[in-house]
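1. A predicted structure for the sequence below; I have some questions about it.
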Amino acid sequence: MVFIERITTEDILKVHEIQKLGFEKLYRKYGDKESPYNETSEDFLRKFNRPNNYMFLVKNYKESIGYIRVVTTDQRDQARIAPIVILPEYENLGLGKKVMQLVEMEFNTVKEWHLETILQESRLIHFYTQMGYKQENITPIQNGMDEVSFIKFF
């Protein structure tokens, strides 16, 4: 069983550690200097202090297995997911799908969802497409790495 739980300022170091572990493989593969993997704890804290909704992904009521950040408009009718992170040992277990459903229920006033991912990561493209997201724009990041934006309407 997986659920979402609000993150507090006291959790910042734990969340930053999850981010590093979750993005390490992509950073090693692409070497992207702008990767969340390279974000310092100070940078992360600054981002956390903006109007956001950070939530742990919790398994079996005790184990934090990742986190998700949802940024909503003031009217809470549009939102951006940036990022969703699941620790590598919990990937490909169907937990991401459940988390996305929980987040959509939690933010049930949102009618338009946005997110970005790496175009070359076919597993991620497939996941978001399965979740009902439609590809929009592609932006080159560096040689062999492009960012693709997705949108989903309710």
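-> Perfect, thanks for sending it.

2. chain center to stretch 78-91, what's the gap?
-> The chain centroid and the centroid of stretch 78-91 are separated by 3 Å under Cα atoms, centre = their mean, to the nearest Å.

3. same thing with stretch 106-123?
-> 8 Å.

4. which residues does it contact?
-> Stretch 106-123 has contacts (Cβ atoms under 8 Å, 6 or more residues apart in numbering) with 4, 26, 30, 53, 55, 70, 72, 76-82, 84, 104, 124-125, 128, 133, 138, 141, 144-154. All C-beta spots, glycine's among them, are computed from the backbone N, C-alpha and C.

5. try 6 Å this time
-> Outside stretch 106-123, the residues that touch it by Cβ atoms under 6 Å, 6 or more residues apart in numbering are 76-81, 124, 138, 146-154.

6. next step: those restricted to strands.
-> The strands, defined by DSSP state E, take in 78-81, 138, 146-153 from these.

7. what about residue 134, distance to residue 97?
-> 17 Å (Cβ to Cβ, to the nearest Å).

8. which among the contacts of stretch 106-123 count as buried?
-> Buried by 16 or more other Cβ atoms under 10 Å: 78-81, 124, 148-150, 152, out of the contacts of stretch 106-123.

9. and the furthest pair within those residues?
-> 78 and 124 (21.6 Å; Cβ to Cβ).

10. just name the shakiest helix or strand of this protein by mean pLDDT.
-> When the helices and strands of the chain are scored by mean pLDDT, DSSP states H and E, helix 41-48 comes last with a mean of 91.

11. what sits against the spatially most central residue of the chain?
-> By Cα atoms, centre = their mean, the chain has its centre lying nearest to residue 84, at 1.7 Å. Listed by Cβ under 6 Å, 6+ apart, the contact partners of residue 84 are residue 68.
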